[in-house]
Each structure stands twice: as C-alpha cells, then as structure tokens.
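>>> return a 3D structure for these sequence lines:
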Amino acid sequence: MGPTQGRDALRGRDPLRPIRLFALFFRVGALNELQYRANLAVQLFESLLALGTGLAVLGLVFGQTTNLGGWSQSELLAVMGVHILMGGVIKTAIQPNMERLMTDVRQGTLDFILTKPEDAQVMVSVREFRIWQGVDIGVGAIVLVVAVAQLRGGIGVGVGLIFAGTLLLGAVMIYCFWLLLTTTAFWIVKMDELHELFEGIYQSGRWPVTIYPGWLRISLTFLVPIAFAVTVPAEALTSRLTVETLALAAAFAFGLLLLTRWFWRLGLRNYSGASA
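Model prediction:
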C-alpha cells in the first residue's frame, strides 16, 4: 500500500476526523491565546468602539429618512448584526489560517503539512484560531437579538433554522473566497496586504447590497460573496428571502467548494517546497 493509499485508508476509517482535528486545534489555539488575557480587554474595547460608530452612523441616516432602500432601521440593525458576527468568524478562524498558509508557502514550511497523513486542505484550514476575535461574534449576536426584538412579530423556529443555514452558507463562501485568493500565493509569493484589501471590501457589507448600483451589487454577490454572507442571512431574518435566492446561495456555495478544491490541488502541483 502506497503513502497516498495509506492516507486515504486512514481518513476513510474515521469520517469525523476533520471535526476532531478542528476541535484539537481550537483547543490548542485557545490555550495559546489565554496566555495573553490582556488582549481580551483590547479586543473588547475595539469591538465596542466599532459598534458605537456603526450605531451612530445608523442614527444619523435615520435622522434624515424613515427607510433606506426599503429597509427600516430595525432591519438595518439586523444587517449590522450579521456583518459584525460574520466578521468575527472571519477574524477568528478563516483569516488567521489563510495568513499562516501564505507564510508557509513563502518560507517553504508547508512541507510539514504535506508530509502528514491528513488532507492538506483540511489541515491548513483549521490550524490557527484567535479566540479573542470571537468577541465580535458575541457582539454581533447581541445586536441580532436586539434587532429581532424590534422586528414586528419576531421570528419563528423555521425562520431561525433558515437564518442559521444561510449563515453557514455565507461562511463557506467566504472561506472559499479567501482560500482561492490565498492559493494564488503558489504563483505570486508576496501577498501580505491581502487581508487589508479584503477588510476594505468587507466594510461594504454594513449595508444591504440591494442599495448599491447594479454593477456593484453583482460584484459583491458573485466576485466577492458579501451579499451571500451578510445580506442574505439578514433577508432571512426580515422575511425578505425568496426560495430562488436561497437555492442560488446553496448552489453557488457548492460550486465554490468544487472550484476551490480544484484550484487548491492545482496550486499544490506548483509548490516547490523548501528544497527548491
């Protein structure tokens, strides 16, 4: 039995192994972060400052109008909550792993991952966690609770499940987008400013993409999936989501997963390693 067959056989015996790896690396990452508890206070301050700024802007907008592109103040508060929550997911789990992958490719240390009996894509996607960034997840959740309480009639169990599903689809698409960009490091080694570029684009998700011009709306939906990650979950909470949009989100997420897997394998074939 060759090395590849051995790795496949090992993975085949335990279909829950990726989840176990995720839990293991999350635990290790949490223990590392707990050594620097002062970072929690810093992150909490930054998150509350950003929240205060966002609420102030929202207040200024609705001091001049009763709706923005057909969205009420409570509905836009829901958009803000999703935006903050998804940003916390990105900074806690997605961005740290992608930044580490770029460093490994540049320094040739990705060899240590490729020699392990695990799927390399899974390994590079779950190695690094910054748990203090998870403060944004909590802040976003609180904003969502307040927004839902202000919405007429609240939400039912079915809507809650659809909302959770759209959040998951959005997180998958953002992960795929990040990995697609990061995989280009196999050809373009210097990509240190990638996170700043993404952060600038992600800020557009503070508002529903439906208020933007058509060309920008399409770009924020299919080129950078901000619409699927933020606006669509907010639409689920505010009874705006259609079956067609939900089906499109699911199909797009599945297609992105396939494209990302193919592009990742193509990138690996162009990786020369530390010995080059």
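
>>> only C-alpha atoms from now on, for both contacts and neighbour counts.
Noted.

>>> list the contacts of Val224.
Val224 is in contact with Phe177, counting by Cα atoms under 8 Å, 6 or more residues apart in numbering.

>>> relative to Ile142, how far out is it?
26 Å (Cα to Cα, to the nearest Å).

>>> against Ile174, how distant is the residue lying closest to Gly69 once chain neighbours are set aside?
Excluding the flanking residues, the one nearest Gly69 by Cα to Cα, 6 or more residues apart in numbering is Ile211, at 5.5 Å. Per Cα to Cα, Ile211 is found 21 Å from Ile174.

>>> tell me which of those two has more neighbours.
Using other Cα atoms under 10 Å as the criterion, Ile211 and Ile174 rank with Ile174 on top: 24 against 13.

>>> tell me how far the more buried one lies from Gly138.
Taken as Cα to Cα, the span from Ile174 to Gly138 is 19 Å.

>>> and the host helix or strand of Trp264, which residues are buried?
Using DSSP states H and E, the element containing Trp264 is helix 243-269. Using 16 or more other Cα atoms under 10 Å as the test for burial, helix 243-269 gives 246, 249-250, 252-253, 256-257, 260-261, 263-264, 267-268.

>>> report the rounded mean pLDDT for it.
Mean pLDDT, computed over helix 243-269, is 95.

>>> now for that helix, which elements pack on it?
Contact analysis of helix 243-269 by 3 or more Cα pairs under 8 Å, 6 or more residues apart in numbering; DSSP states H and E lists helix 157-183 as its packing neighbours.

>>> just the buried residues of the very next helix or strand once past the helix it packs on, please?
Next helix or strand after helix 157-183 toward the C-terminus (DSSP H and E): helix 194-202. Within helix 194-202, the residues that qualify as buried are Leu194, His195, Tyr202, counting by 16+ other Cα under 10 Å.

>>> spit out the contact partners of Arg206.
Taking Cα under 8 Å, 6+ apart as the test, what Arg206 contacts is Val79, Met80, His83.

>>> I'd like to know how far Val146 sits from Glu75.
Counting by Cα to Cα, the gap from Val146 to Glu75 is 11 Å.

>>> and those two? Which one has more around it.
Between Val146 and Glu75, Glu75 has the larger neighbour count (other Cα under 10 Å), namely 23 against 15.

>>> helix or strand for that one, which one?
helix 73-89.

>>> for that helix, which helices and strands make contact with it?
helix 38-62, helix 135-150, helix 157-183, helix 232-237.

>>> number of residues surrounding the closest residue in space to Met98 that isn't next to it in sequence?
Nearest residue to Met98 in three dimensions, chain neighbours excluded: Thr182, at 6.3 Å (Cα to Cα, 6+ apart). When neighbours are counted by other Cα under 10 Å, Thr182 registers 24.

>>> what do you get for Lys116?
Neighbourhood size, Lys116 [other Cα under 10 Å]: 11.

>>> how about the secondary structure of it?
Assigned with DSSP: H, G, I helix; E, B strand; the rest coil, Lys116 falls in the coil class.

>>> where in the stretch 51-200 of the chain is pLDDT low?
153-154, 189, 192 (pLDDT under 70).

>>> 80 instead?
Applying pLDDT under 80 to the stretch 51-200 of the chain flags residues 152-155, 189-195.

>>> please name the nearest non-neighbouring residue to Ala236.
Of all residues not flanking Ala236 in the chain, Phe163 sits nearest, at 5.4 Å (Cα to Cα, 6+ apart).

>>> quick one, what contacts that neighbour?
Pro233, Ala234, Ala236, Leu237.

>>> burial measure for the last one, as a count.
Leu237 sits with 25 neighbouring residues when counted by other Cα under 10 Å.
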